[in-house]
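S.K.: Sequence and predicted model, in that order:
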Amino acid sequence: MDEIDRSQETTEIYEQAAMQTLARRRAAYFQPVPGGRKWRECEDCGKPIPLARMKANPKATRCIKCQTNFESGGN
Ligand SMILES: [Zn+2]
């Protein structure tokens, strides 16, 4: 039953690696933008997300227009 243990271990290692990659990507994404800018760019149109929107929803990754589009399922 050694083989089962080993495959479980391998799965765990893969899962850990995947989680670490995700965490690293996320950390990079939420780091302040170089140059001292305090806003983030909309992931759809690339325009800056207004600070007011960031305050209302710190997890926002889209501007209001693109978020509305996204939520309504359109493009
Ligand atoms: Zn946008």
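M.R.: Received, thanks. Fair warning: this is a prediction, and the values are worked out from it, not measured in the lab.

S.K.: any chance you could map the strands in the chain?
M.R.: Per DSSP state E, the chain carries no strands over any range.

S.K.: Could you list the low-pLDDT ranges of it?
M.R.: Applying pLDDT under 70 to the chain flags the ranges 1-4, 27-39, 74-75.

S.K.: In contact with Arg25, which residues are there?
M.R.: With C-beta atoms under 8 Å, 6 or more residues apart in numbering as the criterion, no residue contacts Arg25. Any C-beta I mention is one placed from the backbone N, CA and C, and that applies to glycine too.

S.K.: so what's the nearest residue to Ile64 once chain neighbours are set aside up against?
M.R.: In this structure, Ile64 finds its nearest non-sequential neighbour in Arg53, 6.0 Å apart by C-beta to C-beta, 6 or more residues apart in numbering. By C-beta under 8 Å, 6+ apart, the contact set of Arg53 is Ala60, Cys63, Ile64.
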